[in-house]
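[1] when you get a sec, could you give me coordinates for this:
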Amino acid sequence: MNSIVPEQTAPEVRTLAERVFHELQDAIVRGELAPGSKITEPGLSKAYGISRGPLREAMRRLEAHRLIERVPHVGARVVKLSMKELLELFDVREALESMAARLAAEHMSAEEIAGLREVLALHERQADLKSGEAYYQREGDLDFHYRIVLGSHNRMLMTMLCDDLYYLVRLYRTQFSASGTRPHRAFVEHHRIVDAIEAGDAELAELLMRRHVSASRANVVDRYATILTQQAEATN
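    Model prediction:
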């Protein structure tokens, strides 16, 4: 039998599974459930006070979004990309998100651009960004990058970046980009990208997004290498 939840699943079970999915997804993205850490149904069931049924549905969704993986003889664990896989992920981001920014400059409406400005205004009031500690964006419409992809009006890009890769990208973007001066710099770069989109300058929007993702990639690689070094020293 496949893992698709039957249509006759009770609404209250689906609602509970939805809540747990978002709570677990948030915990993974924020690093509260560390990459590579083992997770068990009994442990999660106790922590979230729910039965196995809705928990399994939530875990199936996490697996479909590539946030957890099943390892033979180990069980489920939070995804942990190798450095090679991480670089490949950012290569894809750089190519596709820069394309999305170009298309957004050509197709976004004034109302959609105003919505982008509102998202950035909301981000600016966040305590983590004000303190320079992090730049945490909630998912979906409150995520700057998500809104840019939607603004491309390209269905194929939306499927790849807002569905297939979205949660995995958001995981590493959040955990490893939020360090040093990067949060404030990323915020300024976001404003410049919107300026280019609003001006209808597709070439500049594409270039700025490419540079933005490239800078994030460099910061992530540096942070990832530092973490690996610290882990190696701790085991010696």
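
[2] now do the strands in the chain.
    38-39, 68-71, 75-78 (DSSP state E).

[3] what sits up against the last one?
    What that stands for is strand 75-78. 28, 33-40, 59, 63, 67-71 (Cβ atoms under 8 Å, 6 or more residues apart in numbering). Every residue, glycine included, has its C-beta placed from N, CA and C.

[4] need the contact list for the spatially closest residue to Leu168 that is not a sequence neighbour.
    The shortest distance from Leu168 to any non-neighbouring residue, by Cβ to Cβ, 6 or more residues apart in numbering, is to Arg66 (4.6 Å). Residues near Arg66 by Cβ under 8 Å, 6+ apart: 79, 165, 167-168.

[5] quick one on the thing from earlier: what's the closest of the strands of the chain to Ser152?
    strand 68-71 (29.1 Å; Cβ to Cβ).

[6] need the CA coordinates for that closest one. PDB is fine.
    The C-alpha atoms that make up strand 68-71 are tabulated as PDB, following Å, rounded to 0.1, in the frame of the first residue of the first chain:
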ATOM      1  CA  ILE A  68      13.700  13.800   6.900                       C
ATOM      2  CA  GLU A  69      15.100  10.600   5.400                       C
ATOM      3  CA  ARG A  70      14.700   6.900   6.200                       C
ATOM      4  CA  VAL A  71      18.000   5.200   6.700                       C
END
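
[7] list the neighbouring strands of it plus their orientation.
    strand 75-78 (antiparallel) (DSSP bridges).

[8] returning to that earlier point: which of the strands of the chain sits most buried?
    strand 75-78 (a mean of 16; mean count of other Cβ atoms under 10 Å).

[9] pull the CA atoms of that strand into PDB?
    Provided in PDB are the C-alpha atoms of strand 75-78 (Å, rounded to 0.1, in the frame of the first residue of the first chain):
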ATOM      1  CA  GLY A  75      15.300   4.800  11.100                       C
ATOM      2  CA  ALA A  76      14.200   8.300  10.400                       C
ATOM      3  CA  ARG A  77      16.600  11.200  10.800                       C
ATOM      4  CA  VAL A  78      16.700  14.900   9.900                       C
END
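
[10] from the centroid of the protein, which residue is nearest?
    For the chain, the residue nearest the mean C-alpha position is Arg170 (1.2 Å; Cα atoms, centre = their mean).
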